[in-house]
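In: next input, structure requested:
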Amino acid sequence: MIRARVIVASNRAAAGVYADTSGPLLVAGLRELGCEVAEPVVVPDGDPVGAALRTAVADGMDVVVTSGGTGINPSDRTPDLTRALLDYEIPGIAEAIRAHSRDKVPSAALSRGLAGVAGRTLVVNLPGSTGGARDGLAVLGPILRHAVDQLRGGDH
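Out: I've put the predicted structure just below:
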């Protein structure tokens with residue numbers, strides 16, 4: 001079983017201004033991919049994202065998917081906080097997610113989302129929209145099980 005966590009970075013959703021929609025979509029999608037995943041962790045943008053990421057890695061999650069905070073707004077710091085935690089990046093995943101989205105949504109090229117490994121945890125940043133969540137799941141679906149197997153020491 002793949003243990004996963006979804007972390008949503010949103011000031012307004014964390015404050016209860018509106019209900020987050022990308023997190024539940026990601027949870028449902030990860031469950032369809034065979035992951036064991038609880039409800040999303042919703043935190044404000046910035047340092048709380050870093051704390052939630054560190055907790056997820058310390059909890060031994062196989063996969064952590066973030067939603068939100070990947071743009072170029074000054075408050076969008078998810079990639080920066082993720083990079084500080086990663087042991088190494090896997091640029092092909094982030095590039096594939098942007099490429100998958102770019103033809104439908106040209107502004108997808110503005111996403112600074114990263115993917116990489118912290119310890120034995122795969123961390124993937126996605127945009128905060130439901131479309132970004134769907135596109136991220138479309139890219140992760142075919143590779144997720146193999147990536148986790150590799151992180152667990154599996155053979156190629």
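In: doesn't T21 make contact with S67?
Out: No. Look at S67 against T21 with Cβ atoms under 8 Å: they stay out of range, at 9.5 Å. All C-beta atoms are positioned from the backbone trio N, CA, C, and that covers glycine.
In: can you pull out the helices in the chain?
Out: Residue ranges of the helices in the chain, as given by DSSP state H, are 11-14, 22-32, 47-58, 78-85, 91-102, 130-140, 144-151.
In: quick one: which of those helices is nearest T121?
Out: Smallest distance to T121 across the helices of the chain (Cβ to Cβ): 4.8 Å, for helix 47-58.
In: packing partners of the closest one?
Out: Judged by 3 or more Cβ pairs under 8 Å, 6 or more residues apart in numbering; DSSP states H and E, helix 47-58 is in contact with strand 2-9, strand 41-43, strand 63-67, helix 78-85, strand 121-126.
In: mind putting the ones you listed into TSV with distance to R112 and mean pLDDT?
Out: As requested, the helices and strands packed on helix 47-58 are exported to TSV (distance: least, Cβ to Cβ, whole Å; pLDDT from 0 to 100):
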stretch	distance to R112	mean pLDDT
strand 2-9	12	98
strand 41-43	18	98
strand 63-67	12	98
helix 78-85	4	98
strand 121-126	8	98
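In: show me where the chain dips below the pLDDT cut-off.
Out: For the chain, applying pLDDT under 70 flags no range at all.
In: contacting residues around the spatially most central residue of the chain?
Out: By Cα atoms, centre = their mean, the chain has its centre lying nearest to V65, at 2.4 Å. By Cβ atoms under 8 Å, 6 or more residues apart in numbering, the contact list for V65 reads A4, R5, V6, I7, L26, L30, V123, V124, L126, G136, L140.
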